[in-house]
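**Student:** Generate a structure from the sequence data that follows.
(2 chains)
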Amino acid sequence: MIDLKLLRSTPDVVRASQVARGDDPSVVDRVLAADAAHRAALQEFETARAEQKSIGKDVARAQGEEKQALLARTKALAARVKELQAGADAAAAQAVELARSLGNIPEPGVPAGGEDDYTVVKTVGAPRDLAAEGIDVQDHLAIGEGLKAIDMERGAKVSGARFYFLTGIGARLELAVLNAAMQTALEAGFSPMMTPTLVRPEVMAGTGFLGKHADEIYRLERDDLYLTGTSEVALAGYHSGEILDLADGPLRYAGWSACYRREAGSAGRDTRGIIRVHQFHKVEMFSYCRPEDAAAEHARFLETEERMLQALELPYRVIDTAAGDLGSSAARKFDCEAWLPSQERWMEVTSTSNCTTFQARRLAIRERREDGNEPVATVNGTIGTTRWLVALLENHQQADGSVHVPPVLRPYLGGLEVLEPVR
RNA sequence: GGAGAGUUGACCGAGCGGCCGAAGGUGACAGUCUUGAAAACUGUUGAGGCGUGACCCGCCUCCGCGGGUUCGAAUCCCGCACUCUCCGCCA
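**Tutor:** Down below sits the predicted model:
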């Protein structure tokens, strides 16, 4: 949720934000109206309530007829107070609901526009010229099947489309990537966490995932719980309602979890292999920091992601996502995209967002500052996922169907230097 | 699944329907003492919001959450969530 005081004092900033995101700027005026209505109703209630309390104190002291007279007066007032309170509560709920529909204000420098209007920040490493190496390019699924690493058919049999089994070396490779990711995060100062993947509605809502993209999320109706699409949700909820001490720097966590996504809006997209699936694993970095440090923290996240990509010897580029493609919580988002040889395109493998105080405001996560308690900023970013296997298999494929193993992964694979096809 | 106990401020913990935003303690902060520190002593110290309100000031809300009774609820009643203990079931 954005700061209502900011909205009142500089509504134009918020209108501009809505326009940049491709959202409706008139919501701003509706929020302002609802906010004004709320404050008016609140005033009325509070005045009446103050009178009621003051009479109440006299009642306690009065005796006999005087007491009866006071009681008669305040009885009528009590009913009115109750009505006014209901009105004020309703007005507050309406204002908050409207305000919550506003996305975060993009950072200066974020490109305007939609999904295709990103700017490329940099490109690191060069895709191999596989044809020149005499390699008949295979996609990750063909390679994975050759290694007996991926089993889509049985995934579908057991769970349906977009489900899979990682088998044998595939399972080991995923563990290796995630372990290396966790190690990289650990070295960057993140504290490892194994997190719940089922969360309460208020936590899911607090992270901003129940807005426009709510139908992307699995929900267990009987238990009123949501399956998380990233451990960001649990890690953001971890300190909800708390007042933190950030005097020693940001609180940094690295969460390892299964992630669940309905992929409701992506029918027909990335249907082959494990690029886009309903369930995968991810190590996610998350930090709570001071708002003034958030941009620097965000840069640090990106740097850590790049270190991991470089260690895995993957060619990649970094894009600065356009306003319209930001999640509702994000003020800025950098994606790292690895090269995908089979499709000759870039594929998102990490995404890091600076959510400024947007999530913390909803989740009531604050820090005690000299001039009172202020919401903290939250930053999140990917350091490794199952999808990375796609990039690894394709970029490190060799003519005989085997796959080169980057040295950083070898300790997690019993020293294996090459993954050999199973015949 | 059954039975019982509980949920109060950063933490522990007391709380009679009005004098309770809440005793007491711990912690934190400031001061006295000390060459310095510790100890001791003194003081300060919950959150959110409204009022054109940064400071001062006034008011409202918050004692797990939601509702009810009452002129008035941390205190009484109902529902829900969570925690703990015991029993059962499963692994």
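**Student:** buried stuff in the host helix or strand of residue A:44?
**Tutor:** For residue A:44, the host element (DSSP states H and E) is helix A:26-61. Counting neighbours by 16 or more other CB atoms under 10 Å, one finds that the buried residues in helix A:26-61 are A:27-28, A:31-32, A:34-35, A:37-38, A:41-42, A:44-45, A:48-49, A:52, A:55. From N, CA and C alone the C-beta is placed, and that goes for glycine too.
**Student:** can you list the residues of chain A near RNA strand B?
**Tutor:** Residues of chain A found near RNA strand B (CB under 7 Å from any atom of the strand) are A:4, A:39, A:42-43, A:45-47, A:49-50, A:52-57, A:59-60, A:71, A:74-75, A:77-78, A:81, A:243, A:366, A:368, A:371-373.
**Student:** which non-adjacent residue is nearest residue A:293?
**Tutor:** Of all residues not flanking residue A:293 in the chain, residue A:250 sits nearest, at 6.7 Å (CB to CB, 6 or more residues apart in numbering).
**Student:** Look up how far RNA strand B lies from that neighbour.
**Tutor:** From residue A:250 across to RNA strand B, the span is 20 Å (CB to the nearest atom of the strand, to the nearest Å).
**Student:** Identify each buried residue in the host helix or strand of residue A:259, please.
**Tutor:** Element membership for residue A:259 (DSSP H and E) is strand A:251-260. Under the neighbour-count criterion of 16+ other CB under 10 Å, strand A:251-260 has A:251, A:252, A:253, A:254, A:255, A:256, A:257, A:259, A:260 buried.
**Student:** out of everything not next to it in sequence, what's closest to the last one?
**Tutor:** Leaving out its chain neighbours, the residue that sits closest to residue A:260 by CB to CB, 6+ apart is residue A:227, at 4.1 Å.
**Student:** follow-up on the earlier one: name the strands paired with the strand holding residue A:259 and say parallel or antiparallel.
**Tutor:** Counting by DSSP bridges, the strands paired with strand A:251-260 are strand A:191-194 (parallel), strand A:279-289 (antiparallel).
**Student:** Flag whichever of the ones you listed has the least confidence on average.
**Tutor:** With a mean of 91, strand A:191-194 has the lowest mean pLDDT of the strands paired with strand A:251-260.
**Student:** what's in contact with that strand?
**Tutor:** With contacts defined as CB atoms under 8 Å, 6 or more residues apart in numbering, strand A:191-194 is touched by A:182, A:185-186, A:231, A:235, A:238, A:251-257.
**Student:** so for the helix or strand just after it, what's the average pLDDT?
**Tutor:** Counting by DSSP H and E, the next helix or strand C-terminal to strand A:191-194 is strand A:198-199. In this model, strand A:198-199 has an average pLDDT of 87.
**Student:** other SSEs contacting strand A:198-199?
**Tutor:** The contact analysis (3 or more CB pairs under 8 Å, 6 or more residues apart in numbering; DSSP states H and E) places strand A:198-199 against strand A:225-227, helix A:232-238.
**Student:** Spit out the contact partners of the residue of the stretch 251-400 of chain A found nearest RNA strand B.
**Tutor:** Scanning the stretch 251-400 of chain A for proximity to RNA strand B using CB to the nearest atom of the strand identifies residue A:373 as nearest, at 3.4 Å. Residue A:373 makes contacts with A:243, A:366, A:367, as judged by CB under 8 Å, 6+ apart.
**Student:** Specify which member of the buried residues of helix A:26-61 is nearest to RNA strand B.
**Tutor:** Nearest member of the buried residues of helix A:26-61 to RNA strand B, counting by CB to the nearest atom of the strand, is residue A:49, at 4.2 Å.
**Student:** pLDDT score assigned to the nearest residue to that closest one once chain neighbours are set aside?
**Tutor:** Spatial nearest neighbour of residue A:49, chain neighbours left out: residue A:81 (5.4 Å); criterion: CB to CB, 6+ apart. You'll see residue A:81 listed with a pLDDT of 85.
**Student:** how about the helices of the stretch 1-150 of chain A, start to end?
**Tutor:** With helices called from DSSP state H, counting those that start in this stretch, the stretch 1-150 of chain A shows them at A:4-9, A:11-21, A:26-61, A:64-100, A:140-146.
**Student:** weakest of those helices in terms of mean pLDDT?
**Tutor:** Of all the helices of the stretch 1-150 of chain A, helix A:64-100 carries the lowest average pLDDT, namely a mean of 82.
**Student:** That helix: how far from the chain's middle?
**Tutor:** 40 Å (CA atoms, centre = their mean, to the nearest Å).
**Student:** Over to residue A:367. Which of the three states is it?
**Tutor:** The three-state assignment at residue A:367 reads strand, by DSSP: H, G, I helix; E, B strand; the rest coil.
**Student:** Across the sheet, point out what pairs with it.
**Tutor:** As for beta bridges, residue A:367 partners with residue A:244, residue A:374 under DSSP bridges.
**Student:** wait, doesn't it sit right on residue A:243?
**Tutor:** Yes: judged on CB atoms under 8 Å, residue A:367 makes contact with residue A:243 at a distance of 6.7 Å.
**Student:** Cheers, nothing more for now.
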